[in-house]
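J.: Okay, structure incoming, though there's no sequence with it:
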């Protein structure tokens, strides 16, 4: 095998040397045959020219065959290179199209609702010192793009707190299950059938908290709930679900990564080229988006994003491709498993200080 590889790598050099030897032989042969020290006479074998022609004709034919072979080989290599460039062009056209689709997914995210913008305050007849606020005027509001993505993070963390207060986890397994229920609330919404199914015995208890959160948001301009920190970071009514927004957002990201992964064998692309495309895709994701990707992977529908420990799968979008490289570890909610801990085995085996899994360090 090594000899075959050597011949393949040096075929042009070998052919050049062989042709050079043949040419030298052709040039030297007439002189050599015309020398008088030969023991036989060319008079008995025909004219010297006929002899030389008879001897050199096969050599010239061999040279021609070698040159034709080399020409075909160069043409084949050129054709293969053209095919590769065509495949790369096809890949890049599709990749950039999906990249554009990702940006469109963000920009087209929209939440519309009627917002109370003005209240009037009246004295409570039973408590004269206390004033109550009632809605005075409303306006139609539309929230779009990154305002929704950033609000989603706050909404999910609210869901974590709400579910924790109701289910009171006693161990790690229950905490994990609670986080999955919180994701169902965040993703499908409080009124969804799937959330009702998973919280049937606690649904009414949760309902009271949901009503409170929605009331706080609705009356956030009244000044009645200024101590509710979250109301300043979320810009849409909570717990109505994002089933109409997130599925195609995640699917497009996943398919884009699959496209890059498959190109490793189909084109093929080098590892450095692959990582260049991955970095280009990751640069389109804000820190909040990367946080959302991790949440979906750990507690939602994104298990297939990374199966580093599964021998039957080569999906390593969060580890090898580092799609959550810029996630801000210190800002992750306490209920959520720290990704440094979750991927600790991978970090120990494959990461270094010069090449960490996370931008902020792996420890």
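T.: Received the coordinates, thanks. Small disclaimer: the values here were computed from a predicted structure and weren't measured.

J.: can you give me the helices in the stretch 151-300 of the chain?
T.: Along the stretch 151-300 of the chain, counting by DSSP state H, counting those that start in this stretch, helices occupy 172-188, 193-198, 203-218, 246-266, 271-282, 287-299.

J.: Run through this structure and note the low-pLDDT ranges.
T.: 1-12, 14-15, 18-19, 22, 25-56, 59, 118-136, 223-227, 309, 311-312 (pLDDT under 70).

J.: quick check: longest helix of it.
T.: Scanning the chain for the helix with the most residues, using DSSP state H, yields helix 48-108.

J.: need the contact list for the residue positioned nearest the centre of the chain.
T.: The centre of the chain sits closest to residue 257, judged by C-alpha atoms, centre = their mean, with a distance of 3.9 Å. By C-beta atoms under 8 Å, 6 or more residues apart in numbering, the residues touching residue 257 are 278, 281, 305, 317, 321, 323. Heads up, the C-betas are built off the backbone N, CA and C, glycines and all.

J.: again, only using 7 Å
T.: By C-beta atoms under 7 Å, 6 or more residues apart in numbering, the residues touching residue 257 are 317, 321.

J.: Would you map out the domains in this structure?
T.: 2-79, 109-232, 245-350 (automatic domain parsing).

J.: wait, doesn't residue 194 sit right on residue 183?
T.: No. In this structure, residue 194 is not within contact of residue 183 by C-beta atoms under 7 Å, at 10.8 Å.

J.: and of the domains of the chain, who's closest to residue 87?
T.: Smallest distance to residue 87 across the domains of the chain (C-beta to C-beta): 4.8 Å, for domain 245-350.

J.: hmm, back to that, neighbour-wise, which of residue 194 and residue 183 wins?
T.: Ranked by neighbour count (other C-beta atoms under 10 Å), residue 194 and residue 183 place residue 183 first, with 21 against 14.

J.: For that one, which non-adjacent residue is closest in space?
T.: Leaving aside its sequence neighbours, residue 183 sits nearest to residue 299 (C-beta to C-beta, 6 or more residues apart in numbering; 4.2 Å).

J.: Return the residues in contact with that neighbour.
T.: Contacts of residue 299 by C-beta under 7 Å, 6+ apart are 179, 180, 183.

J.: try it again with 8 Å
T.: Applying C-beta under 8 Å, 6+ apart, one finds that residue 299 lies in contact with 179, 180, 182, 183, 336.

J.: just so I know, which of the domains of the chain lies nearest residue 99?
T.: Judging the domains of the chain by C-beta to C-beta, what sits closest to residue 99 is domain 245-350, at 6.5 Å.

J.: Endpoints of that closest one, how far apart?
T.: Distance across domain 245-350, first residue to last, is 35 Å (C-alpha to C-alpha, to the nearest Å).

J.: Out of the contacts of residue 299, give me the one that has the most neighbours.
T.: When neighbours are counted by other C-beta under 10 Å, residue 182 leads these with 26 neighbours.

J.: Spit out the contact partners of residue 241.
T.: Residues in contact with residue 241 (C-beta under 8 Å, 6+ apart) are 186, 187, 188, 189, 190, 191, 192.

J.: That one and residue 137, how far apart?
T.: To residue 137, residue 241 is 28 Å away according to C-beta to C-beta, to the nearest Å.

J.: and the helices of the stretch 151-300 of the chain, which is most packed in?
T.: Compared across these, helix 287-299 shows the largest average neighbour count, a mean of 22 (mean count of other C-beta atoms under 10 Å).

J.: quick check: angle from that helix to helix 246-266?
T.: 90 degrees (axes from the mean of the first three to the mean of the last three C-alpha atoms, to 10 degrees).

J.: Now the element after helix 287-299, going C-ward?
T.: Sequence order places helix 339-342 as the next helix or strand after helix 287-299, per DSSP states H and E.

J.: centre of the chain versus the helix or strand that comes right after that following helix, how much separation?
T.: Stepping forward along the backbone from helix 339-342, the first helix or strand reached (DSSP H and E) is helix 344-350. Taking C-alpha atoms, centre = their mean, to the nearest Å, the mean C-alpha location of helix 344-350 is offset from the chain mean by 20 Å.
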